[in-house]
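K.L.:
Got a sequence here, can you model it:
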Amino acid sequence: MSLVTSISLTSSPAGLASSWHDNAACRGLAAEIFFPQDEEGVDAARSVCGECPVREDCLEYSLAVREKDGVWGGFTERERRSLIRRRRRAAAKVRAAIAVS
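P.N.:
Below you'll find the predicted structure:
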């Protein structure tokens, strides 16, 4: 069981705006919602994320700090890893295209 009882985001990595979490739909909710044990729990977390005005900021924050657990910006751990791989492949293609030209 998690020792965290509510979502509290108080710091951001350098370069990221630190106030996005002030407008997050999850602010003040039980953190356990975002660390589900099954697909039903993932759906519950995503329902909150789906209504969130700062969903993209949340996702980018989780990627920047390499958050390994939970649902962030509506993405599970596996989905975030997949997104990182896709972004890396796309960046490599751009670098290769630049090197050829």
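K.L.:
Go through the helix or strand encompassing Asp43 and flag the buried ones.
P.N.:
Using DSSP states H and E, Asp43 sits in helix 39-50. By neighbour count with 16 or more other C-beta atoms under 10 Å, helix 39-50 contains the buried residues Val42, Ala45, Arg46, Val48, Cys49. Quick note: C-beta positions are derived from backbone N, CA and C, even for glycine.
K.L.:
can you name the two of those residues that are farthest apart?
P.N.:
Val42 and Val48 (11.2 Å; C-beta to C-beta).
K.L.:
Torsion angles phi and psi at Val100?
P.N.:
When read as degrees, to the nearest 10, the backbone of Val100 gives phi -80, psi -30.
K.L.:
pLDDT value on it, please?
P.N.:
We have a pLDDT of 83 for Val100.
K.L.:
And for Ser11?
P.N.:
Reading off the model, Ser11 has pLDDT 47.
K.L.:
cool, and Leu16?
P.N.:
Per the predicted model, pLDDT is 51 at Leu16.
K.L.:
Could you do Ser6 as well?
P.N.:
43.
K.L.:
Residue ranges in this protein under the pLDDT threshold?
P.N.:
Residues of the chain that meet the criterion pLDDT under 70 lie in 1-18.
K.L.:
all helices for this structure, in order.
P.N.:
39-50, 55-64, 77-100 (DSSP state H).
K.L.:
And the longest one, how far out from the chain middle?
P.N.:
Distance of helix 77-100 from the chain centroid (C-alpha atoms, centre = their mean, to the nearest Å) equals 18 Å.
K.L.:
Report the spatially closest residue to Leu83, excluding sequence-adjacent ones.
P.N.:
Phe75 (6.7 Å; C-beta to C-beta, 6 or more residues apart in numbering).
K.L.:
Was I right to think the one you found contacts Leu59?
P.N.:
Yes: assessed by C-beta atoms under 8 Å, Phe75 is found in contact with Leu59 at 5.8 Å.
K.L.:
With that, I have no additional questions.
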